[in-house]
Structure formats: C-alpha cells, structure tokens
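[1] Structure of the sequence below:
(one chain, ligands or ions: 1)
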Amino acid sequence: MLELNAALTGSADYLFCRIDEAVADYRAAHPLARLISLGIGDITQPLAPVAAAALRTAAAEMASPAGVRGYGPAGGYPFLQTALAHQYEGLSCPVLPDEITVTAGSKDALGGLFALFSPAVPVWVCDPVYPAYRDCALAAGHRVHTLPCRAENGFLPCPEEITEPGLIVLCTPNNPTGAVMTRAELQRWVDRALAGGSLLLVDTAYAAFVTDNSLPRSIYAVPEAHRCAIELGSFSKSDGFTGLRCGWVVVPEACGCAGAWRRWLGSHSNGISYPVQRAAEAALSPTGLRQRGRALGVYRRNAERMLDFFTRRSVPCTGGENAPYLWVRCPDGGDSWGWFRRLLEECGVICAPGAGFGAMGEGWLRFTAFGKNAATAEALRRMDRLF
Ligand code: PLP
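    Numbers count the residues shown, from 1 in each chain. Predicted structure coming up:
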C-alpha cells in the first residue's frame with residue numbers, strides 16, 4: 001500500500017460524518033424515534049421559483065440544436081460574474097467581474113486556495129472553527145495555528161495573536177458561534193495583514209443573514225482590503241443551493257495571487273454547469289432577492305425563537321442575530337458530546353457538539369436555525385425539561 005496523506009488518516013472523521021454515524025446507530029436501535037435535526041446547517045426551504053424556472057429554461061436551451069453548450073469558462077460565465085460583481089458595487093474596494101470565479105460552492109474552492117501557497121506558509125484558523133478550513137489546510141501540507149475565540153471577547157479572534165505571516169481564515173457571520181464582525185474589527189484584520197504580509201481568506205457564506213446594515217457583509221467594505229483579502233461566497237444557505245451547488249471566490253489582482261489561482265483553475269476545473277449558473281443569476285435578480293426573503297424569514301424566525309428560549313432560561317448563548325447559528329453553553333458545565341447524546345436520547349433532538357469545532361468549543365453546543373418552523377418549535381418544547 002502506498003503511504004497515504006497523514007492529514008487524512010491521522011485524525012478523526014469529518015465532524016458531520018461522526019454526527020451522522022452516531023445518529024445512524026441511534027436510529028438502528030430506535031427505529032420509531034422521531035428525530036429533529038438542529039445539527040448540520042442544511043436548508044429546508046425550497047428554491048426560489050425564479051431560480052427553478054431559470055434552471056428549466058437553461059436545460060431546455062441546451063436540449064435544442066441552437067443551444068448546445070460544451071465546457072464553459074473555468075472562471076464562470078460572464079453573465080454570472082457580472083451579476084456577482086454588481087453586489088460589491090459601492091463598497092470601498094473595487095471588485096471586477098473577472099476577479100470573481102464561480103465555484104461548485106465555497107467548500108469546493110478551499111482545497112485550491114490552500115494549494116496556491118507553499119506548504120511553508122502557515123494557515124491561521126479560529127478555534128472553534130468550521131472544520132473544513134483546518135482539514136483542507138492540513139491536507140495541503142500547511143502548518144495550522146489556532147486563534148482562540150472566547151466568550152470574553154465575543155468569540156472573535158484577536159489580530160495581535162498573529163505571530164507569523166500566513167493565510168488567515170476568517171468567517172463572518174461565524175459558523176459555529178454566530179459571532180459577526182463589525183467594520184472596525186475587520187479593519188483591524190486588514191491593517192494587520194497589510195502590515196505583516198499576511199493574506200486574509202474571508203468566508204461570507206452567511207452574509208445574507210445580516211439584517212443590521214451597520215455590519216459589513218463583505219471584507220471589501222474595508223478600504224484597501226482588495227490588497228490583502230480573498231473572499232468566499234455561497235448561494236447554499238441564502239438561496240437553497242446546498243443541493244444544486246454554486247458559490248464564488250473573489251481573488252483580486254491586487255492581492256498578488258490571482259495568476260496562481262488562474263493557473264490552478266486552468267488545470268483543476270472545467271467550470272460549473274450552465275443551468276446552475278443561470279439559476280444563480282436568477283437568484284440575484286430583483287425577483288430572486290425578493291423570493292429569497294421568504295426562506296430567510298423562516299430561518300430568522302427559528303433563530304429568534306431559539307434565542308428567546310435560551311435567554312429566558314438564562315442559558316449563556318451567543319449568535320442567532322444576523323446569523324443562523326446559536327452557540328449555547330452546555331448546562332451544568334457538561335461536555336459537548338455527552339450533551340449531544342443526552343439531547344438525542346432524551347429529546348430526539350440532534351445538535352452539533354462544540355468540541356467537534358475545536359478544543360475551545362468544548363462545553364458548547366451549536367444549534368442551527370435552518371429547520372422548518374414547526375419542527376424547531378417542537379424541538380424547543382422537547383428540550384424544555386433539560387434547559
Ligand atoms: N463555509 C461555511 C462557514 C459553512 O458553514 C459552509 C457549510 O456549512 C460552507 C462554507 C460550505 O458551503 P458550500 O455549500 O457553498 O460549499
């Protein structure tokens with residue numbers, strides 16, 4: 001047997017696979033259990049009708065002799081790049097359509113972004129963290145340093161803790177903690193990156209959940225960020241595309257790695273499917289944005305309900321405002337996998353144990369607002385006794 005990549009064999013399985021396994025074991029032993037998932041952040045609301053119509057139209061177009069389409073441009077069709085660039089208009093930094101690459105979701109872009117840099121470049125990630133950053137960085141051979149995010153600092157990382165220049169991964173609104181960075185906080189990161197020769201990789205997969213207009217939805221709201229920041233975006237959660245798969249990455253020319261990104265893309269991608277890109281374009285149209293509001297309204301209602309539930313019971317928690325996740329302290333100082341099992345066995349509710357997001361996540365649980373309203377309300381009723 002050839003030697004395998006130790007980053008893949010030497011660590012526990014991906015968090016949500018471990019959760020799925022624990023739930024499958026429980027289901028096998030309790031086939032009649034009616035479980036409610038507040039675990040993985042997957043959507044429950046349908047696609048916007050305008051996006052579904054665009055998918056059908058594009059598929060019909062491809063089925064006609066005049067509409068035959070082969071490989072698309074590796075970076076995405078200009079119609080979608082232009083629609084995406086439009087979202088950044090009016091921000092402090094310029095974002096041009098050809099600096100935007102359409103991807104099969106933001107997770108799919110991670111491996112390529114980490115591959116741009118020499119393994120000698122360290123990657124900085126938060127703790128707790130969306131585990132894919134750490135896993136992909138390690139698989140690409142980087143050393144990974146962690147930035148502890150504690151309750152005392154609002155679960156935000158601190159720029160002063162960067163002791164060595166590298167690729168710094170930030171996520172706002174944050175998964176798992178629901179913390180959202182202000183413009184001033186992002187400014188501190190841009191200043192730090194520019195002063196120290198680091199690059200920021202900013203994941204804005206949950207930007208559509210920001211309702212407070214004083215909060216930035218993009219790193220490019222901060223002056224000079226295009227010189228030091230790559231940004232990831234996704235249609236997954238805002239537009240119900242977790243099953244369709246579409247996202248984007250902005251790699252500005254000014255940040256110095258756009259050429260390497262084009263080189264990587266040329267050899268790794270033949271583009272994203274035409275119907276999916278037409279659906280994404282439709283999702284960004286005025287009608288699409290109006291229709292998106294309906295699904296987001298359902299998720300926001302869940303977040304409000306959950307926040308109210310925990311706040312009334314004086315359970316320490318964060319997130320749930322401008323973010324679809326709640327980060328909740330385990331009662332009685334218990335451990336997070338223990339509480340994950342207790343909620344599963346005693347309430348039939350699936351959550352995500354905080355320890356799965358990093359050592360600093362121990363003692364915390366993550367609840368997602370992506371359920372249906374009735375199911376979320378039922379989950380809270382079932383948990384009443386335990387909190
Ligand atoms: N980034 C964050 C922070 C996420 O939480 C997720 C999925 O849960 C993703 C990216 C993946 O998004 P996509 O479906 O676009 O790959």
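
[2] Just give me the residue closest to the centre of this protein.
    What sits nearest the mean C-alpha location of the chain, by C-alpha atoms, centre = their mean, is Ala205, with 4.2 Å.

[3] Shouldn't it be within a helix?
    No. Read with DSSP: H, G, I helix; E, B strand; the rest coil, Ala205 is coil and lies in no helix.

[4] What is the neighbour count of the closest residue to it other than its chain neighbours?
    Closest residue in space to Ala205, ignoring its immediate chain neighbours: Ser234 at 4.2 Å, by C-beta to C-beta, 6 or more residues apart in numbering. Backbone N, C-alpha and C define where each C-beta goes, glycine included. Residues contacting Ser234 under the criterion other C-beta atoms under 10 Å number 26.

[5] thought Ser234 was touching Arg245?
    No. Counting by C-beta atoms under 8 Å, Arg245 is not a contact partner of Ser234; they are 9.5 Å apart.

[6] shared neighbours, those two?
    In the contact map built from C-beta atoms under 8 Å, 6 or more residues apart in numbering, the residues linked to both Ser234 and Arg245 are Gly105.

[7] what's the pLDDT at the residue nearest to Ala205?
    Model confidence at Ser234, given as pLDDT, is 98.

[8] Give the bridge partners for it, please.
    Beta-bridge pairing of Ser234, defined through DSSP bridges, involves Gly247.

[9] how close does it sit to Val190?
    From Ser234 over to Val190 the distance is 22 Å, taken as C-beta to C-beta, to the nearest Å.

[10] list the contacts for Arg188?
    Residues counted as contacts of Arg188 (C-beta under 8 Å, 6+ apart) are Pro159.

[11] Okay, and Val102 sits in which element?
    Element membership for Val102, per DSSP states H and E: strand 100-103.

[12] Show me what counts as buried in that strand.
    Buried residues in strand 100-103, counting neighbours by 16 or more other C-beta atoms under 10 Å, are found at Ile100, Thr101, Val102, Thr103.

[13] my guess is the second one contacts Gly76, does it?
    Yes. Under the criterion of C-beta under 8 Å, Thr101 makes contact with Gly76 at 6.0 Å.

[14] burial of the residue in the chain positioned nearest to the ligand, as a residue count?
    In the chain, no residue comes nearer to the ligand than Gly105, which is 2.8 Å away by C-beta to the nearest ligand atom. Other residues near Gly105 number 20, with proximity taken as other C-beta under 10 Å.

[15] Show the pLDDT at the residue nearest to the centre of the chain.
    Here, the pLDDT recorded for Ala205 equals 98.

[16] list the contacts for it?
    Under the criterion of C-beta under 8 Å, 6+ apart, the contact list for Ala205 reads Ser106, Cys171, Asn175, Leu232, Gly233, Ser234, Ser236, Lys237, Gly247.

[17] near the ligand, which residues of the chain?
    The chain has residues 41, 105-108, 130, 171, 175, 203, 205, 234, 236, 242, 247 near the ligand, with proximity defined as C-beta under 6 Å from any ligand atom.

[18] at 8 Å instead, please
    Applying the criterion C-beta under 8 Å from any ligand atom, the portion of the chain that neighbours the ligand consists of 40-42, 103-108, 130, 132, 171, 174-175, 203, 205-206, 232, 234-237, 241-242, 245-247.

[19] which residues sit against the helix or strand Ser238 falls within?
    Taking DSSP H and E as the criterion, Ser238 maps to helix 236-239. Contacts with helix 236-239, where a contact means C-beta under 8 Å, 6+ apart, come from 41, 43, 47-48, 51, 105-106, 205-209, 242, 245-247, 280, 283, 288, 292, 295-296, 324, 370.

[20] one more time with 10 Å, if that's ok
    Residues from elsewhere that reach helix 236-239, judged by C-beta atoms under 10 Å, 6 or more residues apart in numbering: 41-43, 45, 47-48, 51, 105-107, 175, 205-209, 242-247, 279-280, 282-284, 288-289, 291-292, 295-296, 299, 324, 368-370.

[21] From these, which land in strands?
    The members of those that map onto strands under DSSP state E are Gly247, Thr368.

[22] Among the contacts of helix 236-239, the buried ones, what's the ChimeraX command?
    This is how ChimeraX selects the buried members of the contacts of helix 236-239, with burial counted by 16+ other C-beta under 10 Å:
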select :41,43,45,47,48,51,105,106,107,175,205,206,207,208,209,242,244,245,246,247,279,280,282,283,284,288,289,291,292,295,296,299,324,368,369,370
